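*Asks:* Return a 3D structure for these sequence lines:
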Amino acid sequence: MRKLKEIILLFLITAASCMNGCAPPKGVDYTADGYSLNTYVKVTLYGCGSQRIAEEAVGMCSYYEDIFSRTSADSKLYELNEKGFLDIKTEEDKKLAEALELALRYCEMTEGALDITVEPLTSLWDFGGESPSVPERGHIEDALEHVDYRNVEIGDGRIELNGARLDLGAFAKGYIAERIKEYLEGEGIKSALIYLGGNVLCIGKKPDGKDFRIGVQRPFGEADDVLCALKASGLSVVTSGVYERAFYEDGRLYHHILDPETGFPCDNGLLSVTIIAEDSCLCDALSTACFVMGQEKALRFVNGLDGVCAVFVDSDYKLIYSEGAEDFTDK
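*Replies:* Alright, predicted model coming up:
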């Protein structure tokens, strides 16, 4: 059902680019899709490129999944978590180290609201399992002893975890989207849409010179139920919400956005956070971090950043905009 909703949402994003009487793009469009990174992925090239380029772009998701997956026994991250260290020798080792260095900068930037060492907690909660349930409080307290991004060290050709375990779920898709963008631009692509399960990155504008339109979904609504549409060109739009992976126990909702300080899902009156910026890595990291911060603190944080805007949806389904965010709405 989740995969079906993602496919419907992507269809709506793509369809939105031809709304409001716009003529279809001139030339041939090329599309490739698949299921990777535990989500539906799709790349569309508008009026340029080739089918091979589109398929190569989607294939990059599987390549990076073999590096960043925390559950696949063949991935580099899995090896690092199991051993507690990794000597940086291969090209894949280098890519993992590069991604971790960037992720750790975002952890520091957000003062731990984003913390990539939450793996002991995410494994306990197991939102992707068949029968998720609330872990015992004692187990959560034990896991919290190992959550601190400052334990991770990278240098002298080695990654050292010092008792930590990593989960890049709040960062990897943004990082991969940027790598796909680099590849496509290197192939001369001027207009494209990269969709990685809710992480959307626009290359350029539509061939007709108009902006892409990206919907902000109504939490818990159908995939075609959007609260607002955002205009985007050369930008990334990433949303984190309580409705993405969640379960109910004793009538209470438990969602996958965990507070690194408490070990429990954040309970701060927010339903979703959408970040708009040029860099998809930053968008991905901040969509989670700002959710953890809560609306008031996150608004102050985002308003202090250049080139970053945010749209919050609270428990009353009210839209709250950071400074400049309303400029992106398609009114």
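
*Asks:* how close does the spatially most central residue of the chain get to residue 264?
*Replies:* Compute the mean C-alpha point of the chain, and by CA atoms, centre = their mean the closest residue is residue 284, 4.0 Å away. Going from residue 284 to residue 264 by CB to CB, to the nearest Å gives 22 Å. All C-beta spots, glycine's among them, are computed from the backbone N, C-alpha and C.

*Asks:* One more: residue 75?
*Replies:* In this view, residue 75 and residue 264 are 27 Å apart by CB to CB.

*Asks:* so what secondary structure elements neighbour the strand or helix carrying residue 282?
*Replies:* Assigned by DSSP states H and E, residue 282 belongs to helix 280-293. Judged by 3 or more CB pairs under 8 Å, 6 or more residues apart in numbering; DSSP states H and E, helix 280-293 is in contact with helix 91-109, helix 172-186, strand 199-203, strand 236-241, strand 270-277, helix 295-303, strand 309-314.

*Asks:* rerun that using 10 Å as the cut-off
*Replies:* Using 3 or more CB pairs under 10 Å, 6 or more residues apart in numbering; DSSP states H and E as the contact test, the elements touching helix 280-293 are helix 91-109, helix 172-186, strand 192-196, strand 199-203, strand 236-241, strand 270-277, helix 295-303, strand 309-314.

*Asks:* Can I get the ones you listed in CSV including mean pLDDT and distance to residue 49?
*Replies:* Formatted as CSV, the helices and strands packed on helix 280-293 follow (pLDDT from 0 to 100; distance: least, CB to CB, whole Å):
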stretch, mean pLDDT, distance to residue 49
helix 91-109, 98, 24
helix 172-186, 97, 7
strand 192-196, 97, 8
strand 199-203, 97, 10
strand 236-241, 96, 20
strand 270-277, 98, 25
helix 295-303, 98, 34
strand 309-314, 98, 29
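
*Asks:* between these, which gets nearest to residue 132?
*Replies:* strand 236-241 (17.2 Å; CB to CB).

*Asks:* The closest one: what's the following helix or strand?
*Replies:* The element immediately downstream of strand 236-241 (helix or strand, assigned by DSSP H and E) is strand 246-249.

*Asks:* Buried residues of the next helix or strand after that next one, list them for me.
*Replies:* Next along the chain after strand 246-249, taking DSSP H and E as the criterion, comes strand 252-255. Across strand 252-255, burial judged by 16 or more other CB atoms under 10 Å covers 254, 255.

*Asks:* what's the answer for stretch 230-244, then?
*Replies:* Within stretch 230-244, the residues scored as buried using 16+ other CB under 10 Å are 230-232, 235-244.

*Asks:* How far does that stretch sit from its chain's centre?
*Replies:* How far stretch 230-244 lies from its chain's middle: 9 Å, per CA atoms, centre = their mean, to the nearest Å.

*Asks:* related to what we said a few turns ago, more neighbours: residue 75 and residue 264, which one.
*Replies:* residue 75 (19 against 15; other CB atoms under 10 Å).

*Asks:* Quick check: chain neighbours aside, which residue is closest to that one?
*Replies:* Closest residue in space to residue 75, ignoring its immediate chain neighbours: residue 69 at 4.1 Å, by CB to CB, 6 or more residues apart in numbering.

*Asks:* Check residue 272 too.
*Replies:* Leaving out its chain neighbours, the residue that sits closest to residue 272 by CB to CB, 6+ apart is residue 241, at 3.4 Å.
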